[in-house]
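# Prediction below, plus the sequence it came from.
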Amino acid sequence: MIDVVLVDEHEALREGLRVLLESRGIRTIGSAGSAASAAGLLGEVRPDVAVIGVNLPDESGLRLTRRLLLDHPDLAVMIYTGVENVVTLAEALECGARGFALKPGSIDRLIGGLRLVARGERYVDPRISELLDAEVDGRPLLLTRREREIFDLLAQGLTGEEIAVRLTLSPDTVRTHIRNGMERLHKHTRTGAVVKALKADEIEG
């Protein structure tokens, strides 16, 4: 029997997840809808795994995780989120949690991850690995695979229209990928984004 605490802003999700987990032999010993109530709860009970959402009403679940681990370094945390923003996911992988799962998803996959985390192992949802796609020196890349492909072609001097033809994409799709990549790299111009991507080994050029 694995004991878990569920921390998510949506009560209906917590209750639904509790029912599903308990039908498969995982017991919920506590539930919280905010960072403040979660911190108080986890000061009183010690689950095998604390399942924590990213978007809480009073504090980021990632910040909560860091704070909890300062006081309880042996606490096993699984981040459970529907957020697919690459920057947020990269930050999540560095918050100290042992597990990372995307919702919605297979309950069996989630349970498998919970069992690994409860045993002290690490679990990363394969969909997160696919979104982040690769690492440089253990650091998740900020750009998606398609964004890296497009910025690599920009670095070679191709225009957006030429890239669209090369990759059989619409010009609007290419512009969207470029804009998203610029936001992730925190640059306001294509040239600045390409330079930063090259320096950060996001692309080869």
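Thanks, I have it.

# Pull out the buried residues from stretch 31-45.
31-35, 38-39, 41-42 (16 or more other Cβ atoms under 10 Å). Glycine gets a C-beta too; all of them are placed from N, C-alpha and C.

# what does stretch 53-70 give?
Here stretch 53-70 shows 53-54, 56, 60-62, 64-65, 68-69 as buried, counting by 16+ other Cβ under 10 Å.

# Distance across that stretch, terminal residue to terminal residue?
End-to-end distance for stretch 53-70, by Cα to Cα, to the nearest Å: 18 Å.

# again, but for stretch 128-143
Start-to-end, stretch 128-143 (Cα to Cα) is 13 Å.

# average pLDDT for that stretch?
For stretch 128-143, mean pLDDT is 59.

# go on, stretch 102-118?
87.

# Tell me the buried residues in it?
102, 110-111, 113-118.

# and Glu44, that's in a strand?
No. Under DSSP: H, G, I helix; E, B strand; the rest coil, Glu44 falls outside any strand and is assigned coil.

# For Pro73, see how far away the residue nearest the centre of the chain is.
Of all residues in the chain, the one closest to the mean position by Cα atoms, centre = their mean is Leu89, 2.7 Å from it. Taking Cβ to Cβ, to the nearest Å as the measure, Leu89 and Pro73 are separated by 23 Å.

# that older thread, could you tell me the model confidence score at the residue nearest to the centre of the chain?
70.

# what secondary structure does it sit in?
Classified using three-state DSSP, Leu89 is helix.
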